[in-house]
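A.B. asks: Give me a 3D structure for the following:
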Amino acid sequence: MKHVVPLPIIFAFIAFLVGLNLRPILASIGPLFPVLQRETGLSATGFSLLTTLPVAMMGLAALSGPWLLIKVGAVRGIAAGLTVLTIACSLRGWDSSVTTLMCTALAGGAGVGVIQALMPALIKKEYAQSAGTLMSLFTTGIMAGAALSAASAEPVFSRLGLQPTLAMAGFLALLALVIWLTQIKHRPLEKTSHADVALSSSRTALLMLFFGIGTGAYTLVLAWLPPFYIQAGWSARSSGYMLAWLTLTEVAAGFAVSALIHRFPDRRAPLIVVLLLLLVGLLCLVFSPGTMPIASTLLLGVGIGALFPLSLIVTLDHARTPTEAGKLLSRVQGGGYLIAALMPLIAGLIRDSVASLSSAWLIMSAGVMVLIVIALRLKPAA
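C.D. replies: Numbers count the residues shown, from 1 in each chain. From the prediction side, this is the model:
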């Protein structure tokens, strides 16, 4: 049977819709922290696992991306990821016990990770001429889904209760799955070329550490910024809105990097600027907790939003061929997500022991200073 793929403009909508589903399972949790504690008895450490477990599964899925591409294929793999994500979200609407929340965090994270690992490969293969635009729309969908979920979590809870709020993401995932299955047909699996990564293991580890610590800032803020503002006296709804605005700032920063990065063949200058903005934003949370929300939101949003694509760009700079780039990205993102998964957990342990998140922001600030040192070593190849 001849392989059929939608026109780029149709696939752009589908990719955006799929992207919308990849963060609600994470972003809806923060504004509901007091509710989850009250109704399920979750400790701060247990609450942190609702972010740590999915992010860790994203890392494992990224590491297995090349294997999944060979054994399953991108189209079927993405359909499987959406199916698992739909089931995980739906189960939360049926039962919101701690056991179910943890199991669905693992399953949902696996679904998200598989989609994140395979969608770029599908776009590069089938839509090479418009790959940049489609990837931008896909990542914009991811950030838009996070913003929408953070902003709507508390208002939906106020109207419908906890379980329907947790299950809401499942309806959108089901819609995306139906459209995916009806619009995109798959061909028989093809052989995928293998390529060893010529980069030294120490350099690969350095890139992995850079990506992991930087993404750790994102996972920390996603999980703990709303509870931080709630502790400072804000309402759950206002804290969700603040996380949504921060996420939208990340989107704008990511687009700015895409538009301007070609002017900086030496990536170190923009990296240092972005890291300093992130550092100042974190220090605002430490020394002016809850009193400088606009400044800290802009600084954190620009810093995190620009650092993510810059981390990937720097990684790609070290690859000689597209195949090698895919292998290197798999290693860097896989190990990096596993590192990033630790940061919300550390914050949860701190919150349980001292009832304050200031130490978590300080630890992350120290991590950013480590990133600055690493960035200075990332000079371009001759």
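
A.B. asks: can you pull the contacts of residue 242?
C.D. replies: Residue 242 makes contact with 225-226, 229, 234, 293, 297 under the criterion CB atoms under 8 Å, 6 or more residues apart in numbering. The C-beta positions use only the backbone N, C-alpha and C, and glycine is treated the same way.

A.B. asks: Could I get the residues you listed in JSON lines, plus columns for pLDDT, distance to residue 185 and secondary structure?
C.D. replies: Below are the contacts of residue 242 laid out as JSON lines (pLDDT from 0 to 100; distance: CB to CB, whole Å; DSSP: H, G, I helix; E, B strand; the rest coil):
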{"residue": "225", "pLDDT": "93", "distance to residue 185": "42", "secondary structure": "helix"}
{"residue": "226", "pLDDT": "93", "distance to residue 185": "41", "secondary structure": "helix"}
{"residue": "229", "pLDDT": "91", "distance to residue 185": "46", "secondary structure": "helix"}
{"residue": "234", "pLDDT": "91", "distance to residue 185": "48", "secondary structure": "coil"}
{"residue": "293", "pLDDT": "87", "distance to residue 185": "48", "secondary structure": "helix"}
{"residue": "297", "pLDDT": "92", "distance to residue 185": "43", "secondary structure": "helix"}
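
A.B. asks: among those residues, who's most crowded?
C.D. replies: residue 226 (30 neighbours; other CB atoms under 10 Å).

A.B. asks: got TSV for the contacts of residue 242, with distance to residue 129 too?
C.D. replies: Below are the contacts of residue 242 laid out as TSV (distance: CB to CB, whole Å):
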residue	distance to residue 129
225	39
226	41
229	44
234	47
293	43
297	37
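
A.B. asks: Now do residue 283, the pLDDT please.
C.D. replies: pLDDT, residue 283: 95.

A.B. asks: Wait, residue 300 touches residue 281, no?
C.D. replies: Yes: here residue 300 reaches residue 281: they are 3.9 Å apart, a contact under CB atoms under 8 Å.

A.B. asks: picking that back up, which one of the contacts of residue 242 sits closest to residue 369?
C.D. replies: Within the contacts of residue 242, proximity to residue 369 (CB to CB) peaks at residue 225, which comes in at 20.5 Å.

A.B. asks: How about residue 279: what's its closest non-neighbour residue?
C.D. replies: Counting by CB to CB, 6 or more residues apart in numbering, residue 279 lies nearest to residue 368, which is 4.6 Å off, once chain neighbours are set aside.

A.B. asks: quick one on the thing from earlier: which one among the contacts of residue 242 gets closest to residue 211?
C.D. replies: residue 225 (20.9 Å).

A.B. asks: so what's that closest one closest to, chain neighbours aside?
C.D. replies: Residue 225 sits nearest to residue 243 (CB to CB, 6+ apart), 5.6 Å away.

A.B. asks: Number of residues surrounding the one you found?
C.D. replies: So residue 243, with other CB under 10 Å, has 28 neighbours.

A.B. asks: Which is the succeeding secondary structure element to the host helix or strand of it?
C.D. replies: Using DSSP states H and E, residue 243 sits in helix 236-260. Sequence-wise, the next helix or strand downstream of helix 236-260 (DSSP H and E) is helix 268-287.

A.B. asks: Run through who's touching that following helix.
C.D. replies: 217, 228, 257, 260-261, 264, 292, 295-300, 302-304, 306-307, 310, 314, 357-358, 361-362, 364-365, 368-369, 371-372, 375-376, 378-379.

A.B. asks: Quick check on those residues: which are buried?
C.D. replies: Buried members of the contacts of helix 268-287, scored by 16 or more other CB atoms under 10 Å, are 217, 228, 257, 296-300, 302-304, 306-307, 310, 314, 357, 361, 364-365, 368, 371, 375, 378.

A.B. asks: Pretty sure residue 122 sits against residue 81.
C.D. replies: No: judged on CB under 8 Å, residue 122 makes no contact with residue 81 at a distance of 11.8 Å.

A.B. asks: The residue nearest to residue 225 and residue 141: what is the separation?
C.D. replies: Taking CB to CB, to the nearest Å as the measure, residue 243 falls 17 Å from residue 141.

A.B. asks: for residue 176, same thing?
C.D. replies: Separation of residue 176 from residue 141 (CB to CB) stands at 10 Å.

A.B. asks: which SSE is residue 18 in?
C.D. replies: Assigned by DSSP H and E, residue 18 falls within helix 8-20.

A.B. asks: Okay, buried residues for that helix please.
C.D. replies: For helix 8-20, the neighbour count (16+ other CB under 10 Å) marks 8, 11-12, 14-20 as buried.

A.B. asks: Using pLDDT, spot the least trustworthy of these.
C.D. replies: residue 8 (78).

A.B. asks: Go ahead and confirm that one touches residue 128.
C.D. replies: No: contact criterion CB under 8 Å: residue 8 and residue 128 do not qualify, at 10.6 Å.

A.B. asks: Residue 163 touches residue 94, doesn't it?
C.D. replies: Yes: if you go by CB under 8 Å, residue 163 and residue 94 touch, sitting 7.2 Å apart.

A.B. asks: Have a look at those two and say which one is more surrounded.
C.D. replies: Neighbour count, other CB under 10 Å: between residue 163 and residue 94, residue 163 has more, with 15 against 10.
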